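Colleague: Could you look at this predicted model? Sequence included:
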Amino acid sequence: MYAMNRETAKPKKPEATLPDRDTRDRNGQKQRGSSVIAAGFKPVFSVCLMLSTLSLCPRISLAEIALPPVDFGQRHPMPGIPVWVHPLALMGGAGLVIAVVALFLFCLTAGQRSLRLAENDSILAIAGIGVWRIILLDGHKPRMKANRAMRELLGLSGKRLTEEKTYESWYSRISPEALAAVQALVEEMKSGQKAESIYSWIHPTLGLQYERCGGVAKRLGARGYILRGYQYNVTQDVLREQHREQALQNALTEAQCAKTAKAAFLCNMSHDIRTPMNAILGFTGIALRQSPGPEVRSCLEKINQSAERLLCLVNDVLEISRLASGKASCTPVPVDIRKVTDGALDIAKQLLTNRNLTLHVHRAQPSHPYLLADPHCIRKVLVNLLSNAVKFTNDGGSITFEASERPGTNGEKVLVRYTVSDTGIGMSEEYLDRLYDEFSQENPGARTQFTGAGIGMSITRRYVEMMGGTIEVHSKKGIGSTFVVELPLAPVGAEALQDQAIPTCAADLTGVRVLLAEDNNLSAEIATVLLEEHGILVTRVADGQQAVDAFAASPANTFDLFLTDIMMPVLNGYEAARAIRSMANRPDAHTLPIIAMTANAFAEDVQKSLDAGMNAHIAKPIDLNELLRAIERSLNR
């Protein structure tokens, strides 16, 4: 027996080597079993050699060797070898057998684990998913450990770089616009949350790439953090999304251009149609006031009715386009709901001329006659419902109109209820689903038997919805139809209507001097005749520039009022109004009443007139009473 101290008995550390990730036979087939053996064989061989050396030594007792207590919770100094190998090796032949077998099984398991990790790495590489670990320690440079797929994403395949160089290669190629987002992503991880983001990165050979990156962080006490995460390339997805967004933006731009073109078309069409309609209605009205004979009067009245019908059709087409574009709106004002209803019924009674129809009217006395409502919208709804009842009810039938009021649900408003029933042709259940579609009619024969464009009900429902109300319909083919409209309206006091009262034309306008700018000769002639019939003195010019020159060349207070068209050559009406208002050397330039008299009849046209410094806006065809009232208000008479 010879003395053996612990230092000489301690085996040398075996050199750690990586397992072969892909062991294949001659045919190129992967050998899983041999890979496992290969992964664990070298450490087994080294330990067996060490233990065989120990077995050749004379047997010694444990009492002769002052071994320190063994802590089975620690690892043996030799990396990868369990702590129980050392004492078993000192137990002789039996211990050696046990140690060798146990160690072989341990290394076999370790080899399997290494193989699974290698296989997972191969799968991630095929999927293009990189796995990384970044170590951020205070006082040290950041380090990045990357798997094979991650190195491929970074363009580092085949390069042997330290972890510090790997991190530097990745971080230095983050695009400048994405750097803040990456830093925010890291801070979010440090806060203990799982974070994910897409950032742009400059690949060494592929150029600009987009990567989806995510991960979590673990704090290492006060020393720093370990960040673990994943990354994969989403360049194609991002480019497809960018192309889609660009296509949507192009489509939006085209739609906006089309919308602008449509608005311009509607404005021009409104002007171009209303201008000749103004001449037709204007001259017909002038002729009717000349006391014509019965036969001539009959012809003139028919011309007037046809022209008004055509004007209503044009207004409906323009109105449905404005409603569809969202430009139309309701403007509630204090009204007497009884007078609004009376106005709609008066129009309906005119429609009954030369028809053998009976109109039954049932109106309950309202508890709140004064309401905040848009009279134009309500009148349009009621006239459309009543005109349809007249149109689709055969002679000998009847129409019933009912108006009532009941408390609203919130206590602040009342519900005004209108019901229009008829004994007409009715509608099928299938058509009721398409009733409110634009330009819809139940059968092709409707165009020849009944007049209309099929847009009245679409306009009606849009107006009802704009006022916050509801509309219902019940109809049976061959029996008739019933429409029910409910509108929530807020009550107001009677004093609120004082400012809304429309005065009658009672003032004497004789001697009023009017500067008229109108490029259309027929419209100028009609306006001149109508105004001169009431003693108004008219000076007519053909465009806006002539109007500005005439005003500038005349002494102060020569004209009491400036009446102008809008669409004129040289200077339009807006420009002429601004030019007159800007004359600093004419005190009356700021006080001269200016009224637009134009075929541009939309709400935005009215606002443009006011913005240009005008006092009022009158739409063509000219309503004489409305024109005279506007003149009276402008002159404070």
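Modeller: Everything's here; your move.

Colleague: what about the strands in the stretch 301-450 of the chain?
Modeller: Using DSSP state E, counting those that start in this stretch, the strands of the stretch 301-450 of the chain run over 333-336, 358-363, 370-373, 398-407, 414-422.

Colleague: Centre of the chain to the first one, how far?
Modeller: When you say that, I think you mean strand 333-336. 35 Å (CA atoms, centre = their mean, to the nearest Å).

Colleague: could you give the mean pLDDT of that strand?
Modeller: Averaged across strand 333-336, pLDDT comes to 90.

Colleague: ok, the closest residue to M466 other than its chain neighbours - contacts?
Modeller: Once flanking residues are discounted, M466 sits nearest to C330: 4.8 Å by CB to CB, 6 or more residues apart in numbering. Just so you know, the C-beta spots here come from the backbone N, C-alpha and C atoms, and that holds for glycine as well. Residues near C330 by CB atoms under 8 Å, 6 or more residues apart in numbering: D374, C377, Y463, M466, M467.

Colleague: Which one of those is nearest to I595?
Modeller: Of all the contacts of C330, I595 sits closest to D374, with 23.4 Å by CB to CB.

Colleague: quick one: that closest one and V464, what's the gap?
Modeller: Taking CB to CB, to the nearest Å as the measure, D374 falls 11 Å from V464.

Colleague: same question, L281
Modeller: With CB to CB as the criterion, L281 and V464 are 30 Å apart.

Colleague: Can you say which of the strands of the stretch 301-450 of the chain is nearest to D543?
Modeller: strand 333-336 (35.8 Å).

Colleague: helices or strands next to that closest one in the packing?
Modeller: Other helices and strands packing on strand 333-336, by 3 or more CB pairs under 8 Å, 6 or more residues apart in numbering; DSSP states H and E, are strand 370-373.

Colleague: partner strands of the strand it packs on, parallel or antiparallel?
Modeller: strand 333-336 (antiparallel), strand 480-491 (antiparallel) (DSSP bridges).

Colleague: Report the buried residues of the shortest one.
Modeller: It refers to strand 333-336. P334, V335, D336 (16 or more other CB atoms under 10 Å).

Colleague: what residues are up against the first one?
Modeller: Going by CB under 8 Å, 6+ apart, P334 touches Y370, L371, L372, V492, A496, L497, Q500.

Colleague: what's the distance between the third one and I471?
Modeller: Pointing back at L372 there. 20 Å.

Colleague: With neighbour numbers in mind, choose between those two.
Modeller: Neighbours per residue (other CB atoms under 10 Å) separate L372 from I471, with I471 holding more: 20 against 14.

Colleague: in which helix or strand would I find that one?
Modeller: strand 470-476 (DSSP states H and E).

Colleague: what's the angle between that strand and strand 414-422?
Modeller: For strand 470-476 against strand 414-422, the angle by axes from the mean of the first three to the mean of the last three CA atoms, to 10 degrees is 20 degrees.

Colleague: Give me the buried positions along strand 470-476.
Modeller: Quick answer for strand 470-476 (16+ other CB under 10 Å): I471, V473, S475.

Colleague: Closest one of these to S298?
Modeller: S475 (37.3 Å).

Colleague: Counting neighbours, what do you get for G424?
Modeller: Close neighbours of G424, defined as other CB under 10 Å, add up to 22.

Colleague: Least confident secondary structure element in this structure?
Modeller: None of the helices or strands of the chain scores lower by mean pLDDT, DSSP states H and E than helix 6-9, at a mean of 39.

Colleague: M467 contacts D374, doesn't it?
Modeller: Yes - counting by CB atoms under 8 Å, M467 does reach D374; the two are 6.8 Å apart.

Colleague: Just give me the neighbour total for I455.
Modeller: By other CB under 10 Å, the residues close to I455 number 21.

Colleague: Confirm for me that it is in contact with V314.
Modeller: No - using CB under 8 Å, I455 makes no contact with V314, being 11.7 Å away.
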